[in-house]
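Colleague: Sequence isn't available, so here's the structure alone:
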């Protein structure tokens, strides 16, 4: 009896995993603006993903904002504005044509919200969420891939 139950659970798990993978593939956002990452092969033939300056900067900003979010929620000091955020205006992008007027406007709004957050920490939550709004608005028009992660940063 226990063996049948174990076999049933194993088979059920395998089939349920397959269905989830298909669902994820169907629901993945398809934005034309998302450029393919640069991939190279090392000496052993393994493919390696190379982040552009902009991709690396955005990953760092995500990590920084995740930490900042926790400090704001706990009521801790926010610290000082990270100057590396200013590289958003000059960082090399996967597709240079994406650095258009729309991107520049959203990047400016993001930087302004972040700078205001550090100047006016009494209203840190509002300024933080305004910065996340700028990210979301840009990623809704450009590469939508990280939208789910970005939206989780909002402070409610």
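Modeller: Happy to help now that I have it. Here the structure is a predicted model, which is why all the values come from computation and not from measurement. Numbering: from 1, shown residues only.

Colleague: what about this structure, any weak spots by pLDDT?
Modeller: The model of the chain has pLDDT under 70 over residues 1-42.

Colleague: Domain boundaries for it, per the record?
Modeller: Per automatic domain parsing, the domain ranges recorded for the chain read 2-48, 51-151.

Colleague: Reformat those domains as CSV; add mean neighbour count.
Modeller: In this view, the C-beta of every residue, glycine as well, is placed from N, C-alpha and C. Shown next, in CSV, are these (neighbours: other Cβ atoms under 10 Å):
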stretch, mean neighbour count
domain 2-48, 9
domain 51-151, 16
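
Colleague: now the strands: where do they sit in this structure?
Modeller: 38-41, 47-50 (DSSP state E).

Colleague: I'd like the distance from the closest residue to residue 64 other than its chain neighbours to residue 52, if you could.
Modeller: In space, and not counting its chain neighbours, residue 64 is closest to residue 82: 5.9 Å by Cβ to Cβ, 6 or more residues apart in numbering. Between residue 82 and residue 52 the computed distance is 19 Å (Cβ to Cβ, to the nearest Å).

Colleague: cool, residue 106 as well?
Modeller: 18 Å.

Colleague: contacting residues for residue 101?
Modeller: With Cβ atoms under 8 Å, 6 or more residues apart in numbering as the criterion, no residue contacts residue 101.

Colleague: Please report how far it lies from residue 108.
Modeller: 10 Å.

Colleague: So residue 77 is in contact with residue 121, correct?
Modeller: Yes. With contact defined as Cβ atoms under 8 Å, residue 77 reaches residue 121; the gap is 7.2 Å.
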